[in-house]
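Undergrad: Model the structure of this input:
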Amino acid sequence: MKGSECRLIEYMEGSKKRFIIPVYQRNYDWKIENCKQLYDDLFKVIKNKRRSHFFGSLVSVYELSGRNTEFLVIDGQQRLTTVSLLLLAMYNLIKSGIIIPRDASLDKQIYEEFLVDKYQPEETRIKLKPVKNDQKAFGKLFNDVNEYIRESNLTTNYNYFYERIQKQEITIDELFDAICRLEIINITLSSEDDPQLIFESLNSTGLNLSEGDKIRNFILMGLPSEEQDEYYDKYWNRIEECTKYNVSSFVRDYLSIKQLAIPSQKKIYISFKDYFEQKSIKIEELLKDLLAYAKRYEILLCGGTKNKILNACIYRLNRLETTVTRPFFLEVLRLYDENKLDMSQVAEIFLITENYLFRRTICDLPTNALNKIFLMLHREITRYEGNDVGYVEKFKYALLSKKERARFPDDDEFSERFTDRQVYQMNSKNKIYIMERLENYSTAEDKDIWPL
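TA: Numbers count the residues shown, from 1 in each chain. Predicted coordinates for the structure are as follows:
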């Protein structure tokens, strides 16, 4: 590993350089406030006549690829991508004639030295190659504005720079001069260095990664680049989409099922590594299983089944922010996928669970008992003897057999407590839930009274 101080512009300069963001990296997630801070810093560099401004470290693996030099960016992709967006906004403003620089060659310099290799084919001419979804959005910014992917974070930040540059707080020549004064620590890894260990070390010193980010890196980083791309497209990207990019929470529930223990929020990654190493699972086998559970997890987040009653129940549970049931529900949906339950049975289990939770709320039973109840419930059900008794009946028996703090309040207890309960003192989500249930009782079509 080698490290040296240099200007960012020196690191980026050269048409034959390509900067690859490996698929195990997180998506680009800098917000407008981060871009504003960068632009403010560049403004101060000029106004305060600073010779330089430190912009952090960039860690990359150096690789020769034919006529090009490729850098796999291990750390610093957020900053590198953001500066590329800023340079692209500058280039497009000059090219369109909206801003005229003093240096008549500035647009050509930016475009040919920092953005593209004009001698490469169309599909590889752009020097920065972000991860899959970001790559498409970044490429569209080189085209007509009507082709921009508006929902992309890259497009949002590009538009911020595009608008702010036009305010001309400093000239576009001064802005480029300020970018040239950004200094970095350029850390280059050799083939003997372990990128995973380097990455974990960087994370421990402040790199803001989620537990899901670290798990993705752990799974994909050690694979050959071809397999990284294949497994990212085939499995990981789909897992992220199914879980609405909240992979950390999903893996926590997944591990709860596999280990019958709930990892702490801060140790999901460590628990995942331990699980992987203890089970000696092949990477693709693990990814297949994760994807299967992620598809079930998507149902818990969005519904989308063919059963309207089940979809409505899932919607209400999500409005109540009920997540403690998810490990159990994931196993119920697995049984459905294995044709051991039909959809009406799944709906019945969800509705009974909803009833159980609501009765406990009205009867002021503690919620901290629920974690263990739903963590162990599936195993408890499968241990009951009697193959002639179905899963649903065993499920009912398991809940009705609970005692004391774990109990399922009966009709008498519930009726007495509901009559006396000061509903107006309950939290908002529970009050709205009660109103919604009363409003839609015995109606042909449910009305959505939940606030947006």
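
Undergrad: What's the first helix or strand after the lowest-mean-pLDDT helix or strand in the chain?
TA: Scoring the helices and strands of the chain by mean pLDDT, DSSP states H and E places helix 195-204 at the bottom, with a mean of 60. Moving toward the C-terminus from helix 195-204, the next helix or strand (DSSP states H and E) is helix 211-220.

Undergrad: wait, what's in contact with residue 96?
TA: By CB atoms under 8 Å, 6 or more residues apart in numbering, the contact set of residue 96 is empty. (Each C-beta comes from the backbone N, C-alpha and C, glycine too.)

Undergrad: What does it show for phi and psi?
TA: The phi/psi pair for residue 96 (degrees, to the nearest 10) reads phi -80, psi -10.

Undergrad: Next one: it from residue 438, what distance?
TA: To residue 438, residue 96 is 59 Å away according to CB to CB, to the nearest Å.

Undergrad: what does residue 319 give?
TA: Distance from residue 319 to residue 438, by CB to CB: 15 Å.

Undergrad: between these two, who's got more neighbours?
TA: Shown here are residue 319 and residue 438; by other CB atoms under 10 Å, residue 319 has more neighbours (15 against 9).

Undergrad: Would you confirm that the more buried one contacts residue 429?
TA: Yes - judged on CB atoms under 8 Å, residue 319 makes contact with residue 429 at a distance of 6.4 Å.

Undergrad: which residue ranges form the helices in the stretch 101-250 of the chain?
TA: For the stretch 101-250 of the chain, applying DSSP state H, counting those that start in this stretch gives helices covering 106-110, 132-140, 153-165, 172-180, 195-204, 211-220, 225-231, 237-242, 247-259.

Undergrad: Can you add mean neighbour count and distance to residue 277 and give these back as CSV?
TA: Shown next, in CSV, are the helices of the stretch 101-250 of the chain (neighbours: other CB atoms under 10 Å; distance: least, CB to CB, whole Å):
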stretch, mean neighbour count, distance to residue 277
helix 106-110, 17, 47
helix 132-140, 18, 28
helix 153-165, 20, 34
helix 172-180, 19, 44
helix 195-204, 15, 13
helix 211-220, 22, 10
helix 225-231, 14, 19
helix 237-242, 19, 20
helix 247-259, 21, 13
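
Undergrad: out of the ones you listed, nearest to residue 303?
TA: helix 237-242 (13.4 Å; CB to CB).

Undergrad: by contact count, what packs against the closest one?
TA: Helix 237-242 is packed against helix 247-259, helix 283-302, with contacts defined by 3 or more CB pairs under 8 Å, 6 or more residues apart in numbering; DSSP states H and E.

Undergrad: Tell me where the model's unsure across the stretch 301-450 of the chain.
TA: 386-389, 442-447, 449-450 (pLDDT under 70).

Undergrad: Where do the strands of the stretch 1-150 of the chain begin and end?
TA: 2-7, 17-20, 53-65, 68-75, 128-129 (DSSP state E, counting those that start in this stretch).

Undergrad: Mean neighbour count, the ones you listed: which tops it?
TA: Neighbour counts (mean count of other CB atoms under 10 Å) averaged over each of the strands of the stretch 1-150 of the chain peak at strand 128-129, with a mean of 22.

Undergrad: Tell me which residues are up against that one.
TA: 18-21, 80-81, 84, 115, 135, 138.

Undergrad: In terms of residue numbering, what are the domains of this protein?
TA: Following automatic domain parsing, the chain resolves into domains at 2-207, 225-439.

Undergrad: surely residue 430 meets residue 320?
TA: Yes - look at residue 430 against residue 320 with CB under 8 Å: they come within range, at 7.3 Å.

Undergrad: before we move on, back to that, can I get the domains of the chain in JSON lines with distance to residue 448?
TA: Output for those, formatted as JSON lines (distance: least, CB to CB, whole Å):
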{"stretch": "domain 2-207", "distance to residue 448": "25"}
{"stretch": "domain 225-439", "distance to residue 448": "8"}
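
Undergrad: now for these, which one comes closest to residue 215?
TA: Closest to residue 215 of those is domain 225-439 (CB to CB; 5.2 Å).

Undergrad: now the residue nearest to residue 247 when sequence neighbours are not counted: how far from residue 391?
TA: By the measure of CB to CB, 6 or more residues apart in numbering, the closest residue to residue 247 outside its immediate chain neighbours is residue 212, 3.0 Å from it. Residue 212 is 31 Å from residue 391, where distance means CB to CB.

Undergrad: what about residue 394, how many residues close to it?
TA: 17.

Undergrad: my guess is it contacts residue 384, does it?
TA: Yes - using CB under 8 Å, residue 394 makes contact with residue 384 at a distance of 4.7 Å.

Undergrad: From the contacts of strand 128-129, pick the one nearest residue 421.
TA: Nearest to residue 421 out of the contacts of strand 128-129 is residue 81 (CB to CB; 53.1 Å).

Undergrad: just checking, that closest one touches residue 153?
TA: No - with contact defined as CB under 8 Å, residue 81 does not count as touching residue 153 (9.8 Å).

Undergrad: Sounds good, over and out.
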